[in-house]
Every structure is written in C-alpha cells, then in structure tokens.
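A.B. asks: how would this look folded up:
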Amino acid sequence: MRLTTNNLTVGYGKGPIIQGVNVAIPEGKITALLGPNGCGKSTLLKALSRILTPETGHVLWQGESISQIPSRQLARQLALLPQSQEPPEGVSVREAVAYGRSPYTGFWGQLSAQDRVLVEQAMTATGVITFAERPVTDLSGGQRQRVWLAMTLAQDTDYILLDEPTTYLDLNHQVELMKLLRTLNQQGKTIVTVLHDINQACRYCDHLIVMQTGNVVAEGTPDEILTAELLSNVFALDAEIHQDPIAATPMCVVR
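C.D. replies: Here you go, the predicted model:
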C-alpha cells in the first residue's frame, strides 16, 4: 500500500478536524470516504494530497513522508480533483484540460504529441470534447465539473483523489462518472473519492472508510461494514440493508 497515514492529526488553525487517524489506501481499488457533513472526509483527502500539512503524525507515500517528495515528482504519481475551482478568465476547455500535463511540461511548456493525445482522450472520456473551444467561464456548473475531471485525468497518474466529484452533476452524469471511475480502476488506477450517496458508494466502490467527528469508525468492503446499526449511529438514519437487485451490492433503504 503506497498511500498511508500514521497517527494523523490535521486542522485549519482552530483546532484539529481529524485526530490520530491511521488508514492504508488499498492498491488497485476504489475507496470511498463517507460520513456526515463536517466529519473530516475532505480534510483527510486534502492531507493525503499534501494540500494540508499535518499538525502531528504523517502521510506516507511508499513509506516516505509525503512532505519530503518534490512537488513535480508527486504530481506525476498522484492527482487531486478538489471540491471547487474558479475558472480562469479567457481560457478554453482544451487549454484548461491541457494544464493537467503541467507536471511534465511546466505551465508554459510545449505539449508533445503524446500530451495532446492524453488531453484528447481525457476530454472524450468526460464528454467535454464537443465544447472544447468554448471558454470555461461560459459553462454550467456540471460542465465545469467535467472539465476539471478531464484535467485531472490528463495528468495520467496511478492515484486519483476526488473530493465530491458528483457535485453539480445531474443524475445521468453522476452515473457516467462512477462508471468512468470503474473503467479507470480496471485500467490499473487506484482511486479515492469523497461521496455522500451511500448506495452509490456501495455499488461502485470496493472499499469504504466511514468517518465521524474526525475519526475512522468503520473500514472495509461494503458487504463487511454496511449495517443498520452503522447507519443509525453515524448518519442518524432509520434504514434497512437489502441487496441491490442489479449490482448485488448492499443497498440502504430508509424506513
């Protein structure tokens, strides 16, 4: 397992948000971070991607503190799609997606033929190629989200971290996104994503990490950990667990 934490405590200057967290991200799997609002999911993801610096403990990449790895080297191995981004003025979709190649070219570097192929593939996979020449600022929230995802995919890393990637997406694009993540995983990518939809996580993800008030309270496959008791204790849901009739995965049904 290349990406792990050791007794990780992280906050924003007003006290810790997550405290003493130890996780190991399974290689070659899709991992979902779940939990109620404010539980520390996004904070953990930001720490894993080095956006936030630990107060105590460590984030480790291949056993080495992630803070010691050169930025460009890390960006060639791990990509992050943050929760929200401000689109730059006057930048087209194609240009924005091409920024994903900057760990290899620099922000002002010339794209190689292979770079251009990866940009085209990322735009095609996310369905933004049809408006590739439009300014990003002209797009809807859902379209912008797919552009940012394309930029992340163009980075072509082994690990992809996504913070609430289904935000702003309508239902059919949410399904398309989750299917795309599954396809990327089958191609060898390790994926970590913050999600709010429990059934979506169970259907498309191999491994769940459930958080509550800054701590990990359950971890494992959906079959292993999803119970009515967990839903009640963590999410305050009165629900039953049934089998999804199509995917044969656990499904939460609220009473």
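
A.B. asks: please count neighbours and contacts with C-alpha atoms only from this point.
C.D. replies: Will do.

A.B. asks: now do the domain split for this structure, please.
C.D. replies: Using automatic domain parsing, the domain ranges for the chain come out as 1-77+157-221, 84-156.

A.B. asks: of all those, which lies closest to residue 247?
C.D. replies: Closest to residue 247 of the domains of the chain, according to Cα to Cα: domain 1-77+157-221, at 6.5 Å.

A.B. asks: pull the distance from stretch 183-196 to the chain's centre.
C.D. replies: 8 Å (Cα atoms, centre = their mean, to the nearest Å).

A.B. asks: okay, now that stretch: how far is its last residue from its first?
C.D. replies: Counting by Cα to Cα, to the nearest Å, you get 21 Å between the two ends of stretch 183-196.

A.B. asks: buried residues in it?
C.D. replies: 184-185, 189-196 (16 or more other Cα atoms under 10 Å).

A.B. asks: likewise stretch 68-80?
C.D. replies: For stretch 68-80, the neighbour count (16+ other Cα under 10 Å) marks 74-76, 78-80 as buried.

A.B. asks: of the residues you listed, which belong to strands?
C.D. replies: Taking DSSP state E as the definition of strands, the buried residues of stretch 68-80 contribute 78-80.

A.B. asks: and the longest strand for the protein?
C.D. replies: As assigned by DSSP E, the longest strand anywhere in the chain is strand 3-11.

A.B. asks: which helices and strands does it pack with?
C.D. replies: Packing contacts for strand 3-11, counted by 3 or more Cα pairs under 8 Å, 6 or more residues apart in numbering; DSSP states H and E, involve strand 16-21, helix 41-48, strand 56-61.

A.B. asks: next SSE downstream of the lengthiest helix in the chain?
C.D. replies: The longest helix of the chain (DSSP state H) is helix 171-186. Once the chain leaves helix 171-186, the next helix or strand it forms, by DSSP states H and E, is strand 190-194.

A.B. asks: who are the neighbours in contact with the spatially closest residue to residue 54 that is not a sequence neighbour?
C.D. replies: Excluding the flanking residues, the one nearest residue 54 by Cα to Cα, 6 or more residues apart in numbering is residue 10, at 4.8 Å. Residues near residue 10 by Cα atoms under 8 Å, 6 or more residues apart in numbering: 16-19, 43-44, 47, 52-56.

A.B. asks: one more time with 10 Å
C.D. replies: 16-21, 40, 43-44, 46-47, 52-58, 214 (Cα atoms under 10 Å, 6 or more residues apart in numbering).

A.B. asks: could you check how far it is from residue 238?
C.D. replies: Residue 10 is 32 Å from residue 238, by Cα to Cα.

A.B. asks: please apply the same query to residue 6.
C.D. replies: Using Cα to Cα, one gets 34 Å for the distance from residue 6 to residue 238.

A.B. asks: ok, now residue 156?
C.D. replies: Computed as Cα to Cα, the residue 156 to residue 238 distance reads 41 Å.
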